[in-house]
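Novice: Mind looking at a prediction? Sequence and model below.
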Amino acid sequence: MDWPQPCAAGQCFASERAEPVRHGPTCLPATGFADLFLAAALLIGLTAIPPMPVFAEKADLAERFTNLHSIMLAAKHDPPFAQRLLEEIRGVKPKPDSPDDDRSAQKLLKRSVNWDPPLRNANRWCDRLVAAFRVADRIERIRKLDEVDSELHQLRYEHAMDAYAGFFDKLDEKPKPYGETIGDFITAFTLWSILKINEREERYQQASRNVHVAFALAAYRSEHGRYPEKLDELAPKYIEAIPDDLYSGKPLIYRLEGKGYLLYSVGPDGKDDGGCGSEDEPRGDDIAIRMPMPEPKIK
């Protein structure tokens with residue numbers, strides 16, 4: 001999958017004049033810009049790109065309606081829909097000679113199920129998820145997301161425990177009404193990998209910060225013929241303000257190396273791995289841009 005490029009002009013310049021270096025959503029010339037005005041224009045184009053919408057806005061719409069729509073499908077087609085969903089989740093279809101679930105499903109089909117409570121419950125889960133994603137403080141956001149994720153994990157575990165024992169047969173043993181039980185079952189497996197989503201969003205945000213600084217460094221080099229000793233020399237002429245490391249809350253780590261530089265964030269684990277990422281040896285968790293671009297590794 002190709003990452004979107006910061007701007008068309010930057011991509012054309014990189015492909016025609018220099019070797020591109022890719023780090024997440026970036027395409028940077030490895031040898032710098034020959035023209036200061038072109039460098040400035042590319043930097044302006046990059047900063048003019050609207051920021052990527054935060055996941056909270058996506059979750060408030062897409063995740064919510066996916067969950068509610070799944071419950072509505074269960075209300076319309078249950079029990080066949082719920083059975084198919086169960087089969088997909090557990091990855092094993094019921095044996096043809098074991099129609100216990102089918103008999104129980106037919107009994108359930110004849111019952112009058114109130115689907116309002118499961119829809120309300122699903123909305124409450126989504127409200128909590130969106131509220132957690134909207135917390136500005138990173139540490140507090142992760143704490144709240146972990147709290148929601150742990151409760152959903154427990155909900156998934158409870159349903160997974162009886163997934164192989166005949167989900168529909170066990171509905172009679174559950175304290176909640178049928179609709180709420182099936183609604184919880186769908187919600188638990190629809191709202192998945194909350195913490196992974198947050199981690200990916202943070203990585204994208206940090207990569208974007210790195211790219212803005214890298215273009216400012218390229219503009220500085222075009223005018224001065226060298227990279228600056230410190231990042232502070234970039235502001236406010238080449239970049240309005242130097243962004244901090246999203247993970248540490250401290251300045252990004254920057255150092256000159258030969259004719260180039262190494263710029264990096266300490267990454268999600270908060271440890272300084274010397275700029276080593278997941279593809280480096282030794283492996284690390286840092287999010288880095290190194291100029292000039294190192295020789296690609298043969299896999």
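Specialist: The structure has been received and is ready for your questions. Residues are numbered from 1 along each chain as shown.

Novice: what ranges do the strands span in the stretch 1-150 of the chain?
Specialist: Using DSSP state E, counting those that start in this stretch, the strands of the stretch 1-150 of the chain run over residues 20-21, 28-29.

Novice: any idea which of the ones you listed scores lowest on pLDDT?
Specialist: Ranked by mean pLDDT, the strands of the stretch 1-150 of the chain bottom out at strand 20-21, which scores a mean of 32.

Novice: and the longest helix for the chain?
Specialist: Secondary structure of the chain per DSSP state H: the longest helix is helix 194-224.

Novice: Show me what that one packs onto, helices and strands only.
Specialist: Applying 3 or more CB pairs under 8 Å, 6 or more residues apart in numbering; DSSP states H and E, we find helix 194-224 packed against strand 28-29, helix 36-48, helix 55-58, helix 138-161, strand 260-265, strand 287-291. Glycine gets a C-beta too; all of them are placed from N, C-alpha and C.

Novice: Those into a markdown table, with extra columns for distance to residue 68 and mean neighbour count?
Specialist: Formatted as a markdown table, those follow (distance: least, CB to CB, whole Å; neighbours: other CB atoms under 10 Å):
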| stretch | distance to residue 68 | mean neighbour count |
| --- | --- | --- |
| strand 28-29 | 42 | 26 |
| helix 36-48 | 36 | 17 |
| helix 55-58 | 15 | 16 |
| helix 138-161 | 16 | 15 |
| strand 260-265 | 37 | 22 |
| strand 287-291 | 36 | 24 |
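
Novice: Mind putting those into JSON lines with distance to residue 250?
Specialist: JSON lines is the format used below for the helices and strands packed on helix 194-224 (distance: least, CB to CB, whole Å):
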{"stretch": "strand 28-29", "distance to residue 250": "24"}
{"stretch": "helix 36-48", "distance to residue 250": "23"}
{"stretch": "helix 55-58", "distance to residue 250": "25"}
{"stretch": "helix 138-161", "distance to residue 250": "13"}
{"stretch": "strand 260-265", "distance to residue 250": "10"}
{"stretch": "strand 287-291", "distance to residue 250": "14"}
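
Novice: Just give me the lowest mean pLDDT stretch among those.
Specialist: Across the helices and strands packed on helix 194-224, the lowest-scoring stretch is strand 28-29, with a mean of 46.

Novice: Surely residue 191 and residue 67 touch.
Specialist: Yes. With contact defined as CB atoms under 8 Å, residue 191 counts as touching residue 67 (6.6 Å).

Novice: list residues touching both of the two?
Specialist: 125, 126 (CB atoms under 8 Å, 6 or more residues apart in numbering).

Novice: how close does residue 139 get to residue 234?
Specialist: 28 Å (CB to CB, to the nearest Å).

Novice: sorry, that was for residue 214
Specialist: Taking CB to CB, one finds residue 214 at 10 Å from residue 234.

Novice: Same check on residue 265?
Specialist: 17 Å.

Novice: what's the answer for residue 134, then?
Specialist: 31 Å.

Novice: Domain map for this protein?
Specialist: The chain breaks down into these domains under automatic domain parsing: 8-31+197-291, 55-192.

Novice: Need those in JSON lines (columns: distance to residue 45).
Specialist: Compiled in JSON lines, the domains of the chain are given as follows (distance: least, CB to CB, whole Å):
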{"stretch": "domain 8-31+197-291", "distance to residue 45": "6"}
{"stretch": "domain 55-192", "distance to residue 45": "25"}
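
Novice: Quickly, which of those bottoms out on average pLDDT?
Specialist: Across the domains of the chain, the lowest-scoring stretch is domain 55-192, with a mean of 75.

Novice: Pull up the distance across that domain, start to finish.
Specialist: Length of domain 55-192, first residue to last, CA to CA, to the nearest Å: 14 Å.

Novice: do the same with stretch 260-276
Specialist: End-to-end distance (CA to CA), stretch 260-276: 16 Å.

Novice: got it, and stretch 255-270?
Specialist: Start-to-end, stretch 255-270 (CA to CA) is 19 Å.

Novice: try stretch 251-270
Specialist: When the end residues of stretch 251-270 are compared by CA to CA, they are separated by 13 Å.

Novice: ok, now stretch 281-290?
Specialist: In stretch 281-290, first residue to last residue: 15 Å (CA to CA).
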